[in-house]
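Chemist: sequence first, predicted model second:
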Amino acid sequence: MKLLVSPINTEEAVAALNGGADIIDVKNPKEGSLGANYPWVIREIRDAVEGKRPISAALGDFSYKPGTAALAAYGAAAAGADYVKIGLYDITTEEQAYEMLTGIVESVKDMDVTVVACGYSDHERINSINPKLLPAIGEKAGVGLVMVDTGLKDGRSTFEFMTEEDLIEFVNDAHSRGLETAIAGTIKFDDIPALKRIQPTIVGVRGIVCGGDRSTSIKQELVEKLRSEI
Ligand SMILES: O=C[C@H](O)COP(=O)(O)O
């Protein structure tokens, strides 16, 4: 499994890189679970990583705004992102999700970018689309990766909202459709044995490598510890 770590600035990005992260995911926790950072920060982090690892960019926890999402994806790709991650937060229907995703795919089709469709394991408490529907929608829309994260960051892990069986079904369905997968959402060290059984392509983290509080900074030694255990 690959390790995706979500820094907010170049200092954290270098700590993640030196700690062994496989993907450097630029985000802004102040604007939500998949909060978008500024395009110049994406560029600065890309420069700091020096091409040693791919760069991912969170676009935001979106409501139904396909045009805004497509423009955000284009901007993130132009700023240097290799992956653009859309949070389907206030998306409640398959039709809405499909339109959001096809707009983003069209927006970056001429750029070497992977579109990541992110649903939320705690979808019921935020009234969002069930992430188990995303592999089929994502395949049809032309995304490259589907992901689950938690929409609310209150310390509760994705595993409190989706069972191991749910996540195995999600991952296996996506992989059977030729899509990569990522599991995130307040992942804890205790979740690692289950993640090893589920085998997503990517494990995405922030809080655990900050020492538990995602509002503090990333510690290289915690990235090293996590990298060695997954
Ligand atoms: O990969 C990014 C996710 O939002 C993970 O963040 P978290 O581990 O603090 O929930």
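Modeler: Yep, that arrived.

Chemist: show me the shaky parts of this structure.
Modeler: Scanning the chain for pLDDT under 70 picks out no residues.

Chemist: stretch 128-135 and the ligand, are they touching?
Modeler: No. Applying Cβ under 6 Å from any ligand atom, one finds stretch 128-135 separated from the ligand by no less than 13.8 Å. (Each C-beta comes from the backbone N, C-alpha and C, glycine too.)

Chemist: and the contacts of that stretch?
Modeler: Contacts to stretch 128-135, defined as Cβ atoms under 8 Å, 6 or more residues apart in numbering, come from residues 88-94, 96-97, 117, 119-121, 123, 146, 148, 151, 162, 166, 169-170, 173-174, 177, 179.

Chemist: and G211, backbone torsions?
Modeler: phi 100, psi 10 (degrees, to the nearest 10).

Chemist: contacts only, for it.
Modeler: Applying Cβ under 8 Å, 6+ apart, the residues contacting G211 are K219, L222.

Chemist: please apply the same query to the one 10 residues further on.
Modeler: Shown here is E221, whose contacts under the criterion Cβ under 8 Å, 6+ apart are G19.

Chemist: hang on, it in a helix?
Modeler: Yes. The assignment for E221, made by DSSP: H, G, I helix; E, B strand; the rest coil, places it in a helix.

Chemist: of the contacts of stretch 128-135, grab the buried ones for ChimeraX.
Modeler: Command for ChimeraX that selects the buried part of the contacts of stretch 128-135, burial taken from 16 or more other Cβ atoms under 10 Å:
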select :88,89,90,91,96,97,117,119,120,121,123,146,148,151,162,166,170,173,174,179
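
Chemist: in helices only, show me the contacts of stretch 128-135.
Modeler: E94, Q96, A97, H123, D166, E169, F170, D173, A174 (DSSP state H).

Chemist: in TSV, list those along with distance to D25.
Modeler: Rendered in TSV, the data for the ones in helices among the contacts of stretch 128-135 read as follows (distance: Cβ to Cβ, whole Å):
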residue	distance to D25
E94	26
Q96	24
A97	21
H123	21
D166	23
E169	25
F170	19
D173	23
A174	19
